[in-house]
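Enquirer: Need the 3D shape of this:
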Amino acid sequence: MTGPNPGAGTLLLQAWGRGDIQARDDLFALVHRDLRARAAACLRRERRDHTLQPTALIHETYLRLVDQQRVDWQSRAHFLAIAARMMRRVLVDHARRRLAIKRPDHGLRVALDDEVGRVAPVPCDVLALHAALEELERLDERQAHIVELRYFAGMSEDEIATALAVSRSSITREWQMARAWLYRRLTTGGDVR
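Expert: Numbering: from 1, shown residues only. Okay, the predicted model is just below:
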């Protein structure tokens, strides 16, 4: 958590986990800026004319997070992992609604590159990414989780290593393997929807 007292976020998470609604509200006030920055980074990888704004993504994520009942929040990383999963679901639901409008071949585009801004992003439909991540999860759950934390929560490899209690070199290796698998899966064709 950001702020002058990093332990405050952990205390608020624990209190929220025990059902303290005020702690939940205080926590979101504390992490709002951080979540907004992560949402903005996530949306920068989307197509330019994307209709979902960072504030809307945060609000939708917030609504899904507050529906979590009696979660045993363990750390900032645990909270960000859950927030990443919720952001992913919001983006997938948004893409599905967009497709339901019957606009053929106008899927949401996302980048699978670490170097966003330095090179042209490799475009990919967010629904295809979601389906590929579900497939990867069946093959290697940890790699899928690493992609979700890296891509949707914007966590660094160091943060992911801490969250998953493994070495940074393991995260780096598995991130590279997962990214290569996803790239091949998403660019070799095949209907992943």
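Enquirer: how about the nearest residue to residue 159, chain neighbours excluded?
Expert: Excluding the flanking residues, the one nearest residue 159 by CB to CB, 6 or more residues apart in numbering is residue 77, at 6.1 Å. For the C-beta atoms, the positions are set from N, CA and C on the backbone; glycine is no exception.
Enquirer: In contact with the one you found, which residues?
Expert: 155, 159, 160, 162, 163 (CB atoms under 8 Å, 6 or more residues apart in numbering).
Enquirer: quick one: the first one from residue 35, how far?
Expert: Taking CB to CB, to the nearest Å as the criterion, residue 155 is separated from residue 35 by 12 Å.
Enquirer: Go ahead and list the helix or strand containing the residue nearest to residue 159.
Expert: helix 76-100 (DSSP states H and E).
Enquirer: Buried residues in whichever helix or strand comes after that helix, which are they?
Expert: Sequence-wise, the next helix or strand downstream of helix 76-100 (DSSP H and E) is helix 126-139. Residues 126, 127, 128, 129, 130, 131, 132, 133, 136 are the ones in helix 126-139 that count as buried (16 or more other CB atoms under 10 Å).
Enquirer: List just the nearest of the residues you listed to residue 71.
Expert: residue 133 (22.1 Å; CB to CB).
Enquirer: For residue 15, grab the count of nearby residues.
Expert: Here the number of neighbours of residue 15 (other CB atoms under 10 Å) works out to 17.
Enquirer: Chain neighbours aside, what residue packs nearest to it?
Expert: residue 23 (3.5 Å).
Enquirer: just residue 68 next, same as before
Expert: Nearest one to residue 68, counting by CB to CB, 6+ apart, is residue 82 at 7.0 Å.
Enquirer: Give the burial count for that neighbour, as a bare number.
Expert: When neighbours are counted by other CB under 10 Å, residue 82 comes out with 17.
Enquirer: and what of the one 3 residues further on?
Expert: The local packing of residue 85 (other CB under 10 Å) involves 18 other residues.
Enquirer: got a list of what the residue positioned nearest the centre of the chain touches?
Expert: Central residue of the chain (CA atoms, centre = their mean): residue 152, 2.0 Å from the mean position. Residue 152 is in contact with 42, 84, 85, 87, 88, 91, counting by CB under 8 Å, 6+ apart.
Enquirer: The third one touches residue 145, doesn't it?
Expert: No: the pair residue 85 and residue 145 does not pass the contact test of CB atoms under 8 Å, sitting 9.2 Å apart.
Enquirer: Show me the two of the contacts of residue 77 that sit farthest apart.
Expert: 155 and 162 (9.2 Å).
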